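1. following is a predicted model, sequence given first.
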Amino acid sequence: MGPRAIIFHGTGARPDYIWYPWLADRLRSRGRIVEVPHHPGINTEPIATFLPKVLAAHTYDEDTVLVGHSGGAALLLAILERLDVVAPQAFLVAGYCTQPNTEDEPVLQERYDWDSIRAHARDIYFMNSVKDEFGCDADQGRAMFDRLGGTLIVRNDGHFTSETLPIVDQLIA
């Protein structure tokens, strides 16, 4: 088995949405085993009951790169907090750790163990835009970066809904 990657879609999305299949194909072409699971419970089911299902549904090891978009990026915070391995890289694209807008956000936890999250990702990247139509903007990226370190990339790409996302492809080792 080769190195793995798991791409978690955002709220109300699906595996064949926007850049997810493109990135999966790019990673497969480089020898990664890629999962792009469909988790319709992302940000609809409370994180306390949803997270155990997600943790049990996937295998995480020292070669598993994690990518999350929007609600999937918020989910990655909870996943990283509870992993028993250190992921080589985690990418939170249009992620957030606090209420980004007026919508209900059941994917968010009341509090996070930031030290535990930091301990379970060797390299963590936050990609946020100056302005994001859903509130997952550069201020959200900065809030996570201030707590976790890593690399904060600020773009002007809205909610990152294009068909490709070359910067993430280029950064994945």
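-> Arrived safely, thanks for sending. Numbering: from 1, shown residues only.
2. identify the residues contacting the residue nearest the centre of the chain.
-> For the chain, the residue nearest the mean C-alpha position is Gly68 (2.1 Å; Cα atoms, centre = their mean). By Cβ atoms under 8 Å, 6 or more residues apart in numbering, the contact set of Gly68 is 7-8, 10, 74-76, 90-93, 95. The C-beta positions use only the backbone N, C-alpha and C, and glycine is treated the same way.
3. can I get those residues in TSV including pLDDT, distance to Asp157 and secondary structure?
-> Shown next, in TSV, are these (pLDDT from 0 to 100; distance: Cβ to Cβ, whole Å; DSSP: H, G, I helix; E, B strand; the rest coil):
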residue	pLDDT	distance to Asp157	secondary structure
Ile7	98	17	strand
Phe8	98	19	strand
Gly10	97	14	coil
Ala74	98	18	helix
Leu75	98	21	helix
Leu76	98	19	helix
Ala90	98	19	strand
Phe91	98	14	strand
Leu92	98	14	strand
Val93	98	9	strand
Gly95	98	14	coil
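4. still on that earlier bit, surely the residue nearest to the centre of the chain forms part of a strand?
-> Yes. With DSSP: H, G, I helix; E, B strand; the rest coil as the criterion, Gly68 is located in a strand.
5. gap between it and Leu23?
-> As judged by Cβ to Cβ, to the nearest Å, Gly68 and Leu23 stand 12 Å apart.
6. quickly list what's touching both of those two.
-> Ile7.
7. do I have it right that Val36 meets Arg14?
-> No. Between Val36 and Arg14 there is no contact under Cβ atoms under 8 Å: 9.1 Å.
8. between those two, which one's more packed in?
-> Val36 (19 against 13; other Cβ atoms under 10 Å).
9. now that one. Nearest residue, chain neighbours left out?
-> Pro15 (4.0 Å; Cβ to Cβ, 6 or more residues apart in numbering).
10. could you do Gly150 as well?
-> Ile124 (3.6 Å).
11. wouldn't that neighbour be in contact with Arg147 here?
-> No. Counting by Cβ under 8 Å, Ile124 stays clear of Arg147, with 10.5 Å between them.
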